[in-house]
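Visitor: what follows is a protein structure lacking sequence information:
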């Protein structure tokens, strides 16, 4: 029957993880900038007893050489998981009496157990940082607890001689390792690791002497080196409390510096506002500051120029069109002829158009040309023809020196008749280009 030892394992682990959760309430530290993976090698002394007390099957337990290695993942500043492996030998005999003076008369006088392996997964908790005001320490204390499996082969000595226990087969039993230790940081990548682990075995076969209900145990005291993998500082030696204190102090200093800068900026702004008020002062209210006003004291409502002096508006230019001017235009309209169905101006119209061009040049008049047709042909054709004839007149006037920008040419097609399109005479009147001076 298995003992009650492993029934308490969930409670032990729950207690450890509860403590870890409490530590996790410290300010969080991003792990991406730290080294979190490490490997360790160690060697030391294996002894088949527990210094914490309990009954031992042999009166003289010897110390033997042991060695081990581990892989560790640091999840927070305080908590990590470590996969440990240990090998070595465990020895003991009854060559000496117990400390009480009682001689051990067991039928098994000595044992020699080869520990083929002891593998366990352990939760490791860093207890505290030595200096709470340093962001990194050189010393870190820790405790650990876990569970695993040990495989071993005992050899026993009796009155009949030395023989293999249990037929020489490898016995595998569950173990609960509980340990403490201290690490000394040599550099960002190397630590000296000193530790001590008591391993409680869920069985009574380790020393080759079976006593029902009396579980065996062994302890491993070791020294070794831990190598932190990756780049950066080690997360396990980082003190988040001190880092938070430094950050808070830096934030306070920054806030004080910002306040000083803000006060200085307020003073500077007040000075600038005063200077700006003087610069923008406008005593006479004409919109030009006194600093630039060459005519101070102008009456209210006076329109001034950029220097503050009264602005004399130029008199608007009035275009005067005389009857003689209208007569010149009227003659040009009467004499204007085009080739049939085309926009080509006939030569007999040139003389009157020349007079119109001279008038535009001399008096700088503007002219609107409006082309019209009768209803012979399609709407699209007439609209195009009226536009082309107005443009043809404009082109001729420009060729005679008129300003093209002052001549507007528009075609209206047959949409604005001035006479009936049912008679030849009416259609003749509707085929026209109107001239409007302005």
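Guide: The structure has been received and is ready for your questions. Because the structure is a prediction, the values reported are computed rather than measured.
Visitor: determine the longest strand present in the protein.
Guide: In the chain, with assignment by DSSP state E, the single longest strand is strand 108-129.
Visitor: relative to residue 333, how far out is the closest residue to residue 432 other than its chain neighbours?
Guide: Setting aside the residues directly before and after it, residue 432 is nearest to residue 372 in space (Cβ to Cβ, 6 or more residues apart in numbering), at 5.2 Å. Quick note: C-beta positions are derived from backbone N, CA and C, even for glycine. Using Cβ to Cβ, to the nearest Å, one gets 12 Å for the distance from residue 372 to residue 333.
Visitor: strands of the stretch 201-350 of the chain, residue ranges please.
Guide: Along the stretch 201-350 of the chain, the stretches classed as strands by DSSP state E, counting those that start in this stretch are 217-228, 233-234.
Visitor: tell me the mean pLDDT over the last one?
Guide: Per-residue pLDDT over strand 233-234 has a mean of 90.
Visitor: so which bits of whichever helix or strand comes after the longest strand of the chain are buried?
Guide: Downstream of strand 108-129, the first helix or strand assigned by DSSP states H and E is strand 139-158. Buried residues in strand 139-158, counted by 16 or more other Cβ atoms under 10 Å: 140, 142-148, 150, 152-157.
Visitor: average model confidence for the following helix or strand past strand 139-158?
Guide: Later in the chain than strand 139-158, the nearest helix or strand by DSSP H and E is strand 161-164. For strand 161-164, the mean per-residue pLDDT is 94.
Visitor: which other helices and strands does strand 161-164 contact?
Guide: When contacts are defined as 3 or more Cβ pairs under 8 Å, 6 or more residues apart in numbering; DSSP states H and E, strand 161-164 packs onto strand 139-158.
Visitor: re the thing from before, how close does the residue nearest to residue 432 sit to residue 271?
Guide: Noted for residue 372: a distance of 73 Å to residue 271, by Cβ to Cβ.
Visitor: so which of the buried residues of strand 139-158 sits lowest on pLDDT?
Guide: Among the buried residues of strand 139-158, residue 140 has the lowest pLDDT, at 89.
Visitor: isn't it up against residue 234?
Guide: No - with contacts counted by Cβ atoms under 8 Å, residue 140 stays clear of residue 234, the gap being 9.1 Å.
Visitor: name the residues contacting each of those two.
Guide: Taking Cβ atoms under 8 Å, 6 or more residues apart in numbering as the criterion, residue 140 and residue 234 both touch residue 185.
Visitor: ok, how many other residues are close to residue 99?
Guide: Applying other Cβ atoms under 10 Å, we find 7 residues neighbouring residue 99.
Visitor: residue 379 too?
Guide: By other Cβ under 10 Å, 12 other residues sit near residue 379.
Visitor: which residue sits closest to it, ignoring its sequence neighbours?
Guide: Using Cβ to Cβ, 6+ apart and skipping residues adjacent in sequence, the residue nearest residue 379 is residue 413, 6.2 Å away.
Visitor: least reliable of the strands of the stretch 201-350 of the chain going by mean pLDDT?
Guide: The stretch with the lowest average pLDDT out of the strands of the stretch 201-350 of the chain is strand 233-234, scoring a mean of 90.
Visitor: for it, which helices and strands make contact with it?
Guide: Counting contacts by 3+ Cβ pairs under 8 Å, 6+ apart, strand 233-234 packs against strand 34-35.
Visitor: the strand it packs on packs against which elements?
Guide: Counting contacts by 3+ Cβ pairs under 8 Å, 6+ apart, strand 34-35 is packed against strand 233-234.
Visitor: partners of the strand it packs on, with directions?
Guide: Within its sheet, and counting by DSSP bridges, strand 233-234 is paired with strand 34-35 (parallel).
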